[in-house]
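In: This is the structure alone, sequence omitted:
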Ligand SMILES: Nc1nc2c(ncn2[C@@H]2O[C@H](COP(=O)(O)OP(=O)(O)OP(=O)(O)O)[C@@H](O)[C@H]2O)c(=O)[nH]1
């Protein structure tokens, strides 16, 4: 994935000013997969990120898999993500398994108002371990934090689990938009750094970045 000449999918703004970028086929988008139990808010998180809107009202479960593209500008570089929204329902699990291998990043969600979705995270991690690439970028998200009165999973429990498995963690809300942009930006930054490997650039540390930015967002101070 290390680019020799940047294309429109992964090119700095200054490069684009100097010469027209070559077409994208040489640079496919980074596949990012959303996984977690049915109803945790995967589709809503994606819609919030892509369109800045919240899908309220009746809940329509994803069938199989759906995907959307979004280009982010990270440190002056365009990074194209192809985000795969998977169905959380058990009956679609074999479909999801087929996609893990090609995913460069995974956002694993639970719902802070649904204890079972949190308890199932270990099973999801086992599945990820079995099917995904060993070096896949992984982040744990506790979604629906806007529903404070219905919360049954404490932030500390999410943090503890994430620490146990060595994965970055943040709480999100597809409804309010809290940390949604940040979650995808963090993933895009990590993918960009891994693929570009510029000689004089300091190594990007996803864990540290997430910790610093979450603290800065003011969402999680007790
Ligand atoms: N309060 C609140 N509700 C949310 C949030 N995100 C999703 N929801 C609601 O939760 C329900 C399920 O959301 P989806 O995004 O469809 O869930 P999903 O994980 O894609 O479900 P599957 O497609 O079955 O895997 C919907 O009724 C949403 O409106 C959130 O951040 N806050």
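Out: Now that the structure is in, tell me what you want to look at. Here the structure is a predicted model, which is why all the values come from computation and not from measurement.
In: which intervals of this protein have sub-threshold pLDDT?
Out: Along the chain, the model assigns pLDDT under 70 to residues 1-27, 198-199, 217-222.
In: what residues does it put near the ligand?
Out: Contact residues, the chain versus the ligand (C-beta under 6 Å from any ligand atom): 38-44, 55-56, 59, 61-62, 87-89, 143-144, 146-147, 173-175. The way it works is simple: take the backbone N, C-alpha and C, and place the C-beta from them, glycine included.
In: which among the residues you listed end up buried?
Out: Neighbour counting by 16 or more other C-beta atoms under 10 Å classes 38-44, 55, 62, 87-88, 143-144, 146, 173-175 among the residues of the chain next to the ligand as buried.
In: picking up where we left off before, give me the subset of the residues of the chain next to the ligand lying in helices.
Out: Counting by DSSP state H, those place 42-44 in helices.
In: Which one of the residues you listed is nearest to residue 196?
Out: residue 42 (28.4 Å; C-beta to C-beta).
In: so who does the closest one touch?
Out: 34-36, 62, 85-86, 88, 109 (C-beta atoms under 8 Å, 6 or more residues apart in numbering).
In: Leaving out chain neighbours, which residue sits closest to it?
Out: Nearest in space to residue 42, with sequence neighbours left out and distances taken as C-beta to C-beta, 6 or more residues apart in numbering, is residue 34 at 4.2 Å.
In: who does the one you found bridge with?
Out: Beta-bridge partners recorded for residue 34 (DSSP bridges): residue 85, residue 107.
In: swap in residue 77?
Out: Beta-bridge partners, per DSSP bridges, of residue 77: residue 12, residue 74.
In: Quick one: neighbours of it, just the number.
Out: Using other C-beta atoms under 10 Å, residue 77 has 22 neighbouring residues.
In: How much space separates it from residue 196?
Out: Going from residue 77 to residue 196 by C-beta to C-beta, to the nearest Å gives 7 Å.
In: Spatially central residue in this protein, please.
Out: residue 107 (3.9 Å; C-alpha atoms, centre = their mean).
In: wouldn't that residue be in contact with residue 34 here?
Out: Yes: if you go by C-beta atoms under 8 Å, residue 107 and residue 34 touch, sitting 5.1 Å apart.
In: intersection of neighbour lists for these two?
Out: With C-beta under 8 Å, 6+ apart, residue 107 and residue 34 have common neighbours residue 45.
In: tell me what the longest helix seen in the chain is packed against?
Out: What stands out as the longest helix in the chain, according to DSSP H, is helix 180-196. Under the contact criterion of 3 or more C-beta pairs under 8 Å, 6 or more residues apart in numbering; DSSP states H and E, helix 180-196 touches strand 30-36, helix 42-51, strand 65-74, strand 77-86, strand 105-111, strand 137-143, helix 206-217.
In: go with 10 Å
Out: Other elements packing on helix 180-196 under the criterion 3 or more C-beta pairs under 10 Å, 6 or more residues apart in numbering; DSSP states H and E are strand 30-36, helix 42-51, strand 65-74, strand 77-86, strand 105-111, strand 137-143, strand 169-171, helix 206-217.
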